[in-house]
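> only geometry, no sequence info:
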């Protein structure tokens, strides 16, 4: 490559970076990667006040971003995305800590489960064990049967999605579970709000036999179960999907398979709330991390969760992380496709945010046989679970009474 071509190539790369960060507009002769847009109806309704007002709440614009800026400055104006809604407040009243804790106890082997009248103890949720007939790894069947008991119907609004993982060669297919709650507004029903978590667990040593995963990711799965329970008797304007991924610990297999199976619905996804490991809080500061990243649409989702934490007085602190946001969970699959998504995580890193979490406070037992409920801060974890469920409900918009 001659010198002039090299210079042209460098200029093109710099322009692409600046455009992707929103610092400049694209030159007319420069192709720009497209990301799913937030429809005008989403932006208008998500930012509107729940009570009549003389003028609509201004729609938050996508902030310009630079890696040199304070990441927290990218959060939309507080209260501008998911303002207080009395119906969401009422929903929160039905989320009891004891119920959330009980799911974690069952999923991590602290208590036995009953499946089709038979008693089992879930000693591991390692993906290969869940699908090879291991009687001590029947978390998938347990979750599926519980959802069916609440009235979700197999093949209608309760779906088993089989896939063959690309990174491994097991004898059996793996499966995700999708709870599909159709929206009731003819104009908005095609738009989707996803609440996701990975069902599988892992541990060093012998995960096929023992990987309790109470925090990672019993905390997230318990939250999805609570959402499915309480959403069953509610109507939303937008469609809600509650997705239990398998294969996350072995390479994000479940979320990648989901994208392959639902590629035709990519443009309909308004936002994704991904829950992965948020039940540890040894310093009891009630602080967690919202990993937003640089995908512009994710700022709307992060702003909604941040507003929810503050609107309903949940007693939580958070860090709103854009720069160096973590990619080691299923939300990253959505980021790779330009879909707005966030990761909800315990205090996994050290930052210097004002009123933030400060020094890292990550569970030292995760990915071990000691990832047990005994080491979790159940008050903090349940408050975060409530925030996630409330934010997803607010974005999906419950119908007014």
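Looks like it arrived, so ask away. Treat the numbers as computed from the prediction; the structure is a model and nothing was measured.
> is residue 178 in a bridge, and if so with what?
Note on residue 178: beta-bridge partners residue 159, residue 243, judged by DSSP bridges.
> got a list of what it touches?
Going by C-beta atoms under 8 Å, 6 or more residues apart in numbering, residue 178 touches 158-159, 161, 241-244, 258. For every residue, glycine as well, the C-beta is placed using N, CA and C.
> Reformat these as CSV; add distance to residue 325.
Supplementary listing: the contacts of residue 178 in CSV, determined by distance: C-beta to C-beta, whole Å:
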residue, distance to residue 325
158, 32
159, 30
161, 27
241, 23
242, 23
243, 20
244, 23
258, 21
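> give me every residue that touches the residue most central in space within the chain.
Compute the mean C-alpha point of the chain, and by C-alpha atoms, centre = their mean the closest residue is residue 274, 1.0 Å away. Neighbour list for residue 274: 196-197, 329-331, 334, 341-344 [criterion: C-beta under 8 Å, 6+ apart].
> Point out where the stretch 301-401 of the chain drops to low pLDDT.
Within the stretch 301-401 of the chain, the set of residues satisfying pLDDT under 70 comprises 401.
> Actually, the stretch 101-250 of the chain.
Applying pLDDT under 70 to the stretch 101-250 of the chain flags the ranges 167-170.
> Enumerate the helices of it by residue range, in sequence order.
In the stretch 101-250 of the chain, the helices defined using DSSP state H, counting those that start in this stretch lie at 127-130, 139-149, 219-231.
> returning to what we had before: out of the contacts of residue 274, flag the one nearest to residue 283.
Taking C-beta to C-beta as the measure, residue 283 lies nearest residue 344 of the contacts of residue 274, at 18.5 Å.
> Now render the helices of the stretch 101-250 of the chain as a markdown table, adding mean neighbour count and distance to residue 112.
Shown next, in a markdown table, are the helices of the stretch 101-250 of the chain (neighbours: other C-beta atoms under 10 Å; distance: least, C-beta to C-beta, whole Å):
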| stretch | mean neighbour count | distance to residue 112 |
| --- | --- | --- |
| helix 127-130 | 25 | 17 |
| helix 139-149 | 19 | 10 |
| helix 219-231 | 25 | 17 |
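> where along the stretch 201-350 of the chain do the strands fall?
239-245, 269-275, 287-291, 317-321, 341-346 (DSSP state E, counting those that start in this stretch).
> and of these, who's closest to residue 389?
Each of the strands of the stretch 201-350 of the chain was scored for nearness to residue 389 using C-beta to C-beta, and the closest is strand 269-275 (8.7 Å).
> who does that closest one pair up with?
Applying DSSP bridges, one finds strand 269-275 paired with strand 192-198 (parallel), strand 341-346 (parallel).
> outside of the last one, which residues touch it?
The one in question is strand 341-346. Against strand 341-346 from outside (C-beta under 8 Å, 6+ apart): 194, 215, 220, 271-281, 288-293, 295, 298, 301-302, 305, 325-326, 329, 331, 334-335, 361-363, 384, 388.
> Report all helices and strands that the helix or strand following it contacts.
Scanning forward in sequence from strand 341-346, with DSSP states H and E defining helices and strands, the next element found is helix 378-396. With contacts defined as 3 or more C-beta pairs under 8 Å, 6 or more residues apart in numbering; DSSP states H and E, the packing partners of helix 378-396 are helix 86-92, helix 97-107, strand 192-198, helix 219-231, strand 239-245, strand 269-275, helix 298-311.
> Give me the buried positions along the second one.
Going back to what we said before, that points to helix 97-107. Buried residues in helix 97-107, defined by neighbour count with 16 or more other C-beta atoms under 10 Å: 100-101, 103-107.
> What about the closest residue to residue 375 other than its chain neighbours, how many residues nearby?
Distance criterion C-beta to C-beta, 6 or more residues apart in numbering; nearest residue to residue 375, sequence neighbours excluded, is residue 365 at 5.5 Å. Neighbour count for residue 365, taken as other C-beta atoms under 10 Å: 19.
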